[in-house]
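Enquirer: Sequence below, structure please.
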Amino acid sequence: MSNTRFDPATTALLDAHKHPLRKELDALRKIILSVDPSIEEGVKWNTASFRTSDWFATLNGPKQVKQAMIILHAGAKAKGIVLKDRIPDPEGLLKWMGNDRAQIVFKDGEEIRAQEKAVGSIIKAWLKQL
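Expert: Model prediction:
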């Protein structure tokens with residue numbers, strides 16, 4: 001999948017890992033980057049991560065190979081921001097891991113495609129809270 005907004009260093013890292021969920025991760029990269037032109041991709045925590053002024057989302061690392069996932073957070077360092085219960089989630093995709101951290105886990109590529117609009121809405125709402 002070619003996407004001109006994909007960060008070349010991130011693509012190279014994912015190529016090197018030969019991640020078994022690469023197609024799913026690329027689909028998630030495309031969804032996240034399409035939410036807003038201010039979103040940039042880069043390597044953080046040894047995987048694809050996303051930022052505007054600060055990091056806010058990270059995909060599966062090389063050791064997380066069972067299901068594709070997005071981890072949403074409020075930056076590299078805890079800031080005491082409370083996002084829990086402030087993000088509309090009508091599809092029930094968010095699994096909260098704390099007040100400022102949640103994950104979305106997908107069983108397969110079909111679910112990623114089916115939830116693309118909902119994921120985009122969650123990310124938009126997430127960014128508005130940061």
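Enquirer: rest of the way, CA atoms for contacts and neighbours
Expert: Noted.
Enquirer: Residue 93 versus the residue in the chain sticking out farthest from the centre, what's the distance?
Expert: Computed with C-alpha atoms, centre = their mean, the residue of the chain farthest from its C-alpha average is residue 80, at 20.6 Å. Separation of residue 80 from residue 93 (C-alpha to C-alpha, to the nearest Å): 23 Å.
Enquirer: just to revisit the earlier point, identify the residue spatially nearest to the residue farthest from the centre of the chain, adjacent ones excluded.
Expert: Spatially, and ignoring its direct neighbours in sequence, residue 80 is nearest to residue 100 (7.5 Å; C-alpha to C-alpha, 6 or more residues apart in numbering).
Enquirer: likewise residue 105?
Expert: residue 69 (4.4 Å).
Enquirer: quick one: strands adjacent to whichever strand or helix holds that neighbour?
Expert: Per DSSP states H and E: residue 69 is located in strand 68-73. As defined by DSSP bridges, the strand partners of strand 68-73 come to strand 55-59 (antiparallel), strand 101-106 (antiparallel).
Enquirer: List of residues touching the first one?
Expert: In this structure, residues lying in contact with strand 55-59 by C-alpha atoms under 8 Å, 6 or more residues apart in numbering are 25, 44, 47-51, 68-76, 127.
Enquirer: Next up, the contacts around the residue nearest to residue 80.
Expert: Neighbouring residues of residue 100 by C-alpha under 8 Å, 6+ apart: 73-74, 80-84.
Enquirer: Let's see that with 10 Å instead.
Expert: 72-75, 78-84, 126, 130 (C-alpha atoms under 10 Å, 6 or more residues apart in numbering).
Enquirer: Which residues does residue 96 form beta bridges with?
Expert: When assigned by DSSP bridges, residue 96 has beta-bridge partners residue 102.
Enquirer: still on that earlier bit, could you rank the contacts of residue 100 by neighbour count and give me the top one?
Expert: Highest neighbour count within the contacts of residue 100: residue 72, with 26 neighbours (other C-alpha atoms under 10 Å).
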